[in-house]
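Student: the sequence and its predicted three-dimensional model are supplied below.
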Amino acid sequence: MLLRKKNYIIMMMMMSILLIAVFSSGCIGETVAQSEPTNHLNYQLSALPHSLDPAHLQDEAGYEFWLNLFEGLVRLQPDGTLAKGMAEDWQVVNEGEKYLFTLRESAVWSDGQKVTASDFVSAVKRNLAPSIECPYAYLLYDIKNAKNYNQSLKKDYFGPKVSEADVGIWAEDERTLVIELEQRNPAFIKKLIHPVAFPLPPQAFLSENADFFTLDNLVGNGPFRLLQTETEGTEETESEGTKSEVLDLNGAELEGAYVLVKNDSYWDKAAVKLESMAWFLPQKELTGWQLFQEKKIALTADIPFSEIAPGLKKGNLQKSPILATYFYHFNVTQKPLADLRVRQALSFALEREKIVEEVLRGGQEVARGLVPQGMPDNTPGSDFSQNRRIKIPDNDLKEAQRLLAEAGYPNGDKFPEIELLVRDSGGHQYLAEKVKEQWEAKLGISVKVTAVNWQELVARMGERNYDIGLLGWAADYLDPAAFLNYYVTGSGNNDTGWFNEEYDRLLKELSNSDDEPTRMQVFHQAEEILLTELPLLPLYEYSKIFAAREKIEGLFFSPLGHGFDFKWTSLN
């Protein structure tokens with residue numbers, strides 16, 4: 001692919017800052033050890049991004065580029081609060097059903113063009129377009145007619161016929177963005193931290209074959225920008241003994257690095273301390289852990305499994321919680337799992353602490369409910385999980401055996417063999433085998449572990465052709481509703497067959513209150529219903545494990561699993 005010619009001037013100016021050598025073919029071994037300059041960071045990416053299109057982000061690496069190169073109306077801060085981003089201010093009118101956003105006068109793209117309200121309108125409508133098939137479009141369904149437009153071409157859609165023009169988002173003028181909702185939802189503003197709601201510059205809609213969404217052509221509006229070099233194919237540019245190569249994203253086998261530099265056009269550039277970063281791709285010859293030990297990179301999450309437990313214990317590794325919970329789904333529509341006492345017995349028979357500490361050994365935490373640790377409650381600094389009032393059935397063998405006998409299966413007698421359905425990955429299968437051992441040894445029942453690919457697992461669970469299945473869920477936005485709406489009757493994700501009218505009422509009628517303490521109280525009540533009736537069996541919460549040099553300060557890993565946000569990072 002031929003890449004457009006870029007000017008050498010930018011590269012020549014930046015070479016005084018970049019004292020590293022970035023080689024094609026992944027020759028990190030020749031980079032300068034990171035001792036100076038203090039405003040540059042060497043970091044190893046988790047993987048090559050599958051896509052840089054905000055409508056099709058699938059992995060941490062893709063999100064990470066968007067988090068650092070782009071910005072939406074609001075931005076998530078390290079303390080868990082929302083800060084104003086491209087929006088200088090906003091008003092909520094019509095009893096909470098309409099938002100009026102005022103964009104910053106200083107909001108510009110990295111090429112110097114102004115960020116306008118129309119850039120948000122075009123991006124949102126693009127991501128809702130049925131032809132785009134954006135898996136995150138549902139995050140925009142609060143917007144009036146967004147869902148009807150997005151699903152209008154589906155064969156099973158029988159709702160009102162609406163067009164793109166009917167979607168409730170428009171630009172009053174260059175700096176005024178108006179969004180009209182279907183109904184009031186205080187959580188709507190929290191959803192805007194997802195890239196699906198970010199703006200796109202006009203050239204994103206002019207490029208053919210999605211050329212804009214490559215690392216050679218991205219124009220962003222965030223705290224950093226990609227350093228562009230004059231490159232054609234794999235041509236290299238050199239200056240003063242250093243060289244850099246902009247790699248084609250589509251070349252999955254290519255190795256090297258991408259250079260990000262501080263975006264001087266960014267409205268909040270004073271808060272950005274790093275002048276530059278080199279984001280290296282994973283290496284075939286050397287792991288990130290080896291490169292970190294050799295002091296050739298300062299940050300990596302490529303840690304061998306054998307190093308995690310001792311590294312955390314010694315304090316050599318760091319852990320950042322992700323708002324993600326792994327759990328088993330029960331198919332409550334058939335015996336024996338239709339009986340609550342059986343589900344309770346299976347929960348009581350599990351030793352979650354042992355599973356986390358002796359089986360997983362990867363920095364996970366025991367899940368005490370569906371909503372994981374780190375989710376804010378109704379006051380600043382509070383944690384939803386710490387205010388939980390109900391204890392999940394756990395590690396009580398006598399109670400487990402009593403409940404199973406009461407359900408008609410004393411010592412597992414006449415209990416039918418149940419299938420534990422998991423994804424065909426080594427970790428999930430290994431965990432399932434250990435859970436099987438606990439259940440069979442303690443309850444006298446028979447469990448069959450079946451490992452299938454992801455597509456088959458989703459299909460079987462969607463058809464309720466399963467007994468127990470392993471799933472995980474990560475928050476798309478910073479609100480308990482991101483988890484609890486999962487089990488509302490009619491949700492496309494609730495494949496347990498469980499429903500509860502009071503649960504539905506709480507979430508549909510009361511969670512839209514403007515009073516935050518009331519909303520959180522409703523969410524606690526809803527989760528208590530889940531933990532009492534147990535259509536799911538919470539197992540563990542996931543954390544990001546990484547190695548970082550001591551001199552890195554202000555490092556923030558998104559609790560939504562979107563990667564590192566380097567806006568506030570500095571090196572002492």
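Tutor: Great, that's in hand.

Student: quick one: the helices in the stretch 451-572 of the chain?
Tutor: With DSSP state H, counting those that start in this stretch applied, the stretch 451-572 of the chain shows helices at 454-462, 481-484, 501-505, 516-533, listed in chain order.

Student: just checking, what packs against the third one?
Tutor: Using 3 or more Cβ pairs under 8 Å, 6 or more residues apart in numbering; DSSP states H and E as the contact definition, the elements that helix 501-505 packs against are helix 516-533. For the C-beta atoms, the positions are set from N, CA and C on the backbone; glycine is no exception.

Student: now distance to residue 360 and mean neighbour count too, for the helices of the stretch 451-572 of the chain, in a markdown table please.
Tutor: Compiled in a markdown table, the helices of the stretch 451-572 of the chain are given as follows (distance: least, Cβ to Cβ, whole Å; neighbours: other Cβ atoms under 10 Å):
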| stretch | distance to residue 360 | mean neighbour count |
| --- | --- | --- |
| helix 454-462 | 20 | 14 |
| helix 481-484 | 21 | 23 |
| helix 501-505 | 30 | 14 |
| helix 516-533 | 22 | 19 |
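
Student: out of those, which is closest to residue 204?
Tutor: Taking Cβ to Cβ, helix 481-484 is the member of the helices of the stretch 451-572 of the chain nearest to residue 204, at 27.6 Å.

Student: contacting residues around that closest one?
Tutor: Defining contact as Cβ atoms under 8 Å, 6 or more residues apart in numbering, one finds that helix 481-484 is touched by 187, 323, 325, 370-372, 375, 473, 475-476, 507, 511, 523, 526-527, 530.

Student: now, among the residues you listed, which is nearest to residue 125?
Tutor: Nearest to residue 125 among the contacts of helix 481-484, counting by Cβ to Cβ, is residue 476 at 19.7 Å.

Student: ok, and the closest non-adjacent residue to the closest one?
Tutor: Closest residue to residue 476 apart from its sequence neighbours, by Cβ to Cβ, 6 or more residues apart in numbering: residue 482 at 5.4 Å.

Student: state the distance from residue 446 to residue 437.
Tutor: In this structure, residue 446 and residue 437 are 12 Å apart, going by Cβ to Cβ, to the nearest Å.

Student: ok, residue 307 next?
Tutor: For residue 307, the distance to residue 437 under the criterion Cβ to Cβ works out to 26 Å.

Student: cool, and residue 369?
Tutor: 25 Å.

Student: okay, these two: which has more neighbours?
Tutor: In this view residue 369 and residue 437 are compared by other Cβ atoms under 10 Å, and residue 369 has more residues nearby, 23 against 12.

Student: which residues touch that one?
Tutor: Under the criterion of Cβ under 8 Å, 6+ apart, the contact list for residue 369 reads 385, 388, 390, 392, 527, 530, 531, 538.

Student: hang on, residue 46 in a helix?
Tutor: No. According to DSSP: H, G, I helix; E, B strand; the rest coil, the state of residue 46 is coil, so it is not within a helix.

Student: backbone phi and psi for it, please?
Tutor: The main-chain torsion angles of residue 46 are listed as degrees, to the nearest 10 and equal phi -70, psi -30.

Student: my read: it touches residue 60, true?
Tutor: Yes. When contacts are counted by Cβ atoms under 8 Å, residue 46 is listed as touching residue 60 (5.2 Å).

Student: any common contacting residues for these two?
Tutor: With contacts taken as Cβ under 8 Å, 6+ apart, the residues that reach both residue 46 and residue 60 are residue 563.

Student: in the protein, where is pLDDT below threshold?
Tutor: Of all residues in the chain, those with pLDDT under 70 make up the ranges 1-38, 207-210, 228-256.

Student: domain map for it?
Tutor: Residue ranges for the structural domains of the chain, counted by automatic domain parsing, are given in the record as 8-67+213-298+549-571, 74-198, 319-544.
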